[in-house]
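1. no FASTA, just this:
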């Protein structure tokens, strides 16, 4: 069974027309996510599992090979975790 991810307690988000802006109040950093990143972040905020996110992305982007979506999602989630924006 997949576990759900969640935003770190020190993150605060603002939805913008072109994506999401994340404030890391612990480190005083700001991150901007494009619309695809915002779609993933929305799933994280809803405590969706990686498996749920893959299904959502596959549905939204049927022209992209599922293996590529998984690879790109893994990379993106690792980046968010490395920046301490999500708790795994």
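-> Nice, thanks for sending it over. Note that the structure is a prediction, hence the values are computed from the model and not measured.

2. in the one helix or strand residue 68 maps to, what's buried?
-> With elements taken from DSSP states H and E, the one containing residue 68 is helix 66-82. Residues of helix 66-82 classed as buried by neighbour count (16 or more other CB atoms under 10 Å): 69, 70, 73, 76, 77, 80. Backbone N, C-alpha and C define where each C-beta goes, glycine included.

3. and what of stretch 4-16?
-> 5, 7, 8, 11, 13.

4. now tabulate the residues you listed in JSON lines and tack on pLDDT, secondary structure and distance to residue 34.
-> Supplementary listing: those in JSON lines, determined by pLDDT from 0 to 100; DSSP: H, G, I helix; E, B strand; the rest coil; distance: CB to CB, whole Å:
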{"residue": "5", "pLDDT": "86", "secondary structure": "coil", "distance to residue 34": "19"}
{"residue": "7", "pLDDT": "95", "secondary structure": "strand", "distance to residue 34": "17"}
{"residue": "8", "pLDDT": "94", "secondary structure": "coil", "distance to residue 34": "20"}
{"residue": "11", "pLDDT": "96", "secondary structure": "strand", "distance to residue 34": "17"}
{"residue": "13", "pLDDT": "96", "secondary structure": "strand", "distance to residue 34": "14"}
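
5. widest-spaced pair of these?
-> 5 and 13 (14.4 Å; CB to CB).

6. JSON lines please, covering the buried residues of stretch 4-16 and showing distance to residue 24.
-> Formatted as JSON lines, the buried residues of stretch 4-16 follow (distance: CB to CB, whole Å):
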{"residue": "5", "distance to residue 24": "16"}
{"residue": "7", "distance to residue 24": "10"}
{"residue": "8", "distance to residue 24": "8"}
{"residue": "11", "distance to residue 24": "6"}
{"residue": "13", "distance to residue 24": "11"}
